[in-house]
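>>> have a look at this prediction, sequence included:
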Amino acid sequence: MTQDSALAAGAAPRIGFVSLGCPKALTDSELILTQLSAEGYATSKSFAGADLVIVNTCGFIDDAVKESLDTIGEALAENGRVIVTGCLGAKAGEGGGNLVRQMHPSVLAVTGPHATQEVMDAVHLHVPKPHDPFVDLVPAYGVKLTPRHYAYLKISEGCNHRCSFCIIPSMRGDLVSRPIGDVLNEARALFESGVKELLVISQDTSAYGVDVKYRTGFWDGRPVKTRMTELVDKLGELAEPHGAWVRLHYVYPYPHVDEILPLMAGGRVLPYLDVPFQHSHPDVLRRMKRPASGERNLERLAKWREACPQIVVRSTFIAGFPGETEAEFEHLLDFMREARIDRAGCFAYSPVEGATANALPGALPADVREERRARFMAVAEEVSAAKLLERVGADMQVLVDHAPALGKKGGRGRSYADAPEIDGVVQLLPPLKASKTLKVGEFTRARIVGTQGHDLVGQPL
Ligand code: SF4
């Protein structure tokens, strides 16, 4: 049967969907898929079997742009009816026109990120809504692309900062915080559906509510301020009866972040902070136009560790930023040694089209940028390996991500120190007791018996 005859025969129209990019893009994909499902559309696993394909793109670095453009090309070749959404959709090409339209003029529609309604309007135009939507079949928390036991919760969109290496604000606009009642309702529905780990994301989690002047919202008939501390406290309260974890990403080191340390020390949320420092030298941070760059980060870290000794800090850095001198780079290495960041990632600076940093004087050759990245990572790995070794002998709570045959031959999980996709894991050995099983999405205690690269090795107890 052809696609048109399938539609005429009343079968639910099938939409192919490709989701590229960061967790923020993933939550946009989930919103679109939820809406499609609510309206009765089915999904297709192949381009060829779909009535239309939606590609959610990423436009952050050049590799991501290429991957997105290639995927659109593939979808056009195999299907021909393609809607493009996401960050790349907002990007200008040569002469100021839309880049996606310039490269692939036959796409049906192009939208920027966070544009569920526009995408749905384009879908309706090309593949009309089925007559009898099975609205009740859609779970309250929507459609999730992550495994059932963890989920990302996006609390805001856009960003008020203008870091000179970043073009996200030009693609996603200024900060718009979601109403706190909506965020908490979504969190509750996720926990009730079995989510055991909630990952809070945004471009700048500590800025939550700034755009609405920390307005007092309502949730469950009670007033709650639209503010990070109140949000984190309530998320912890919701997670508790489910024994679930709440993990915070993209937190900038503003003074008010200190308020959530007692919540971490008290077990309300995981003692894990993902703080994108990017650099340590004040002059480099100024050239980067980083938020909270005036804060004394070493002192702040020491204070956090005093308030919550078990805290794990993850961060990302950029080596070889335009104008970075050898002395400034050495400052970064010293910072890394002293700050003892548990999990650090580093990118060699790469000019992103449209970023103002490209116009800064003192661009460094690619081999210098890469060499500095490698030197940084050598120090970061030394710190991380020493920190992992300190855990040997400890008993840790592990959330199981992978356990074939109920874990009889072992499995894989994560402790509070490991966020999915970006950090290490706990390799779980086969349980010693025959009655002990490991199940995906459940917690187990494990005794840490060794390390393996970025991972820990644990014996389930
Ligand atoms: S804080 Fe800076 S790097 Fe992050 S999204 Fe905003 S402008 Fe980009």
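That came through fine.
>>> relative to the ligand, how far out is the spatially closest residue to R215 that is not a sequence neighbour?
Computed as CB to CB, 6 or more residues apart in numbering, the closest residue to R215 that is not its neighbour in sequence is T226, at 5.0 Å. Backbone N, C-alpha and C define where each C-beta goes, glycine included. Distance, T226 to the ligand, using CB to the nearest ligand atom, to the nearest Å: 19 Å.
>>> all further residue positions should be reported with the first residue as 322.
Taking 322 as the first residue, the last one we looked at is T547.
>>> what does the pLDDT read for T547?
For T547, the model assigns a pLDDT of 97.
>>> repeat that for the one 3 residues further on.
Residue-level confidence at T550 comes out at 96, pLDDT.
>>> what sits against it?
By CB atoms under 8 Å, 6 or more residues apart in numbering, the contact set of T550 is 577, 580-581, 584.
>>> and if you look at P500?
538, 547.
>>> do stretch 484-499 and the ligand meet?
Yes: Stretch 484-499 is in contact with the ligand by CB under 6 Å from any ligand atom, via 484, 487, 489-490.
>>> quick one, phi psi at R469?
Dihedral pair for R469: phi -60, psi -20, per degrees, to the nearest 10.
>>> can you report how many residues neighbour the residue in the stretch 522-671 of the chain that the ligand sits nearest to?
Closest contact between the stretch 522-671 of the chain and the ligand, by CB to the nearest ligand atom, is at Q524 (3.9 Å). Counted with other CB atoms under 10 Å, residues neighbouring Q524 total 22.
>>> what do you get for A430?
Neighbour count for A430, taken as other CB under 10 Å: 19.
>>> A363 and the ligand: what is the separation?
Relative to the ligand, A363 is positioned 35 Å away (criterion: CB to the nearest ligand atom).
>>> for that residue, what are its contacts?
By CB under 8 Å, 6+ apart, the contact list for A363 reads 332-336.
>>> and those residues, which are buried?
Buried members of the contacts of A363, counted by 16 or more other CB atoms under 10 Å: 333-336.
>>> tabulate these in JSON lines, adding columns for distance to L727 and pLDDT.
Below are those laid out as JSON lines (distance: CB to CB, whole Å; pLDDT from 0 to 100):
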{"residue": "A333", "distance to L727": "36", "pLDDT": "81"}
{"residue": "P334", "distance to L727": "39", "pLDDT": "87"}
{"residue": "R335", "distance to L727": "35", "pLDDT": "92"}
{"residue": "I336", "distance to L727": "36", "pLDDT": "93"}
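>>> mind checking which of those residues are in strands?
In this view, the buried ones among the contacts of A363 that belong to strands under DSSP state E are 335-336.
>>> reformat the buried ones among the contacts of A363 as CSV; add distance to the ligand.
CSV is the format used below for those (distance: CB to the nearest ligand atom, whole Å):
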residue, distance to the ligand
A333, 38
P334, 36
R335, 35
I336, 30
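>>> pLDDT below threshold where in the stretch 422-571 of the chain?
For the stretch 422-571 of the chain, applying pLDDT under 70 flags the ranges 451-465.
>>> how about the residues of it that lie near the ligand?
Within the stretch 422-571 of the chain, the positions adjacent to the ligand are 480, 482-484, 487, 489-490, 524-525 by CB under 6 Å from any ligand atom.
>>> let's have the residues you listed in a markdown table, adding secondary structure and distance to G675.
Formatted as a markdown table, these follow (DSSP: H, G, I helix; E, B strand; the rest coil; distance: CB to CB, whole Å):
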| residue | secondary structure | distance to G675 |
| --- | --- | --- |
| C480 | coil | 15 |
| H482 | coil | 16 |
| R483 | coil | 12 |
| C484 | coil | 13 |
| C487 | coil | 10 |
| I489 | helix | 11 |
| P490 | helix | 11 |
| Q524 | coil | 17 |
| D525 | coil | 20 |
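>>> got phi/psi on W540?
The phi and psi values for W540, taken as degrees, to the nearest 10, are phi -150, psi 130.
>>> what's the closest non-adjacent residue to it?
The shortest distance from W540 to any non-neighbouring residue, by CB to CB, 6+ apart, is to G502 (4.3 Å).
>>> wait, the one you found sits on R536?
No: taking contacts as CB atoms under 8 Å, G502 lies outside contact range of R536: 11.0 Å.
>>> ends of stretch 570-584, what's the gap?
15 Å (CA to CA, to the nearest Å).
>>> what does stretch 555-572 give?
Stretch 555-572: ends 17 Å apart by CA to CA.
>>> any idea which element V700 lies in?
helix 687-710 (DSSP states H and E).
>>> ignore the last one, A346
Residue-wise, A346 maps onto helix 344-359 under DSSP H and E.
>>> that helix close to the ligand?
No: using CB under 6 Å from any ligand atom, helix 344-359 stays clear of the ligand, with a minimum separation of 9.4 Å.
>>> same question for stretch 775-782: list its buried residues.
Within stretch 775-782, the residues scored as buried using 16+ other CB under 10 Å are 776-781.
>>> so where do the strands sit in the stretch 522-671 of the chain?
In the stretch 522-671 of the chain, the strands defined using DSSP state E, counting those that start in this stretch lie at 537-540, 543-546, 566-569, 593-595, 633-640, 664-669.
>>> turn these into a markdown table, including mean neighbour count.
Below are the strands of the stretch 522-671 of the chain laid out as a markdown table (neighbours: other CB atoms under 10 Å):
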| stretch | mean neighbour count |
| --- | --- |
| strand 537-540 | 16 |
| strand 543-546 | 13 |
| strand 566-569 | 25 |
| strand 593-595 | 24 |
| strand 633-640 | 22 |
| strand 664-669 | 19 |
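>>> just put those in TSV and tack on distance to R469.
Converted to TSV, those look like this (distance: least, CB to CB, whole Å):
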stretch	distance to R469
strand 537-540	25
strand 543-546	28
strand 566-569	15
strand 593-595	21
strand 633-640	24
strand 664-669	25
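>>> nearest approach to A740 belongs to which of these?
Relative to A740, the nearest member of those by CB to CB is strand 566-569, separated by 5.9 Å.
>>> how about the closest one as PDB, C-alpha atoms only?
Below are the C-alpha coordinates for strand 566-569, written out as PDB (Å, rounded to 0.1, in the frame of the first residue of the first chain):
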ATOM      1  CA  TRP A 566      16.800  11.200  42.900                       C
ATOM      2  CA  VAL A 567      16.900  14.900  41.800                       C
ATOM      3  CA  ARG A 568      20.000  16.000  40.000                       C
ATOM      4  CA  LEU A 569      20.800  19.600  39.100                       C
END
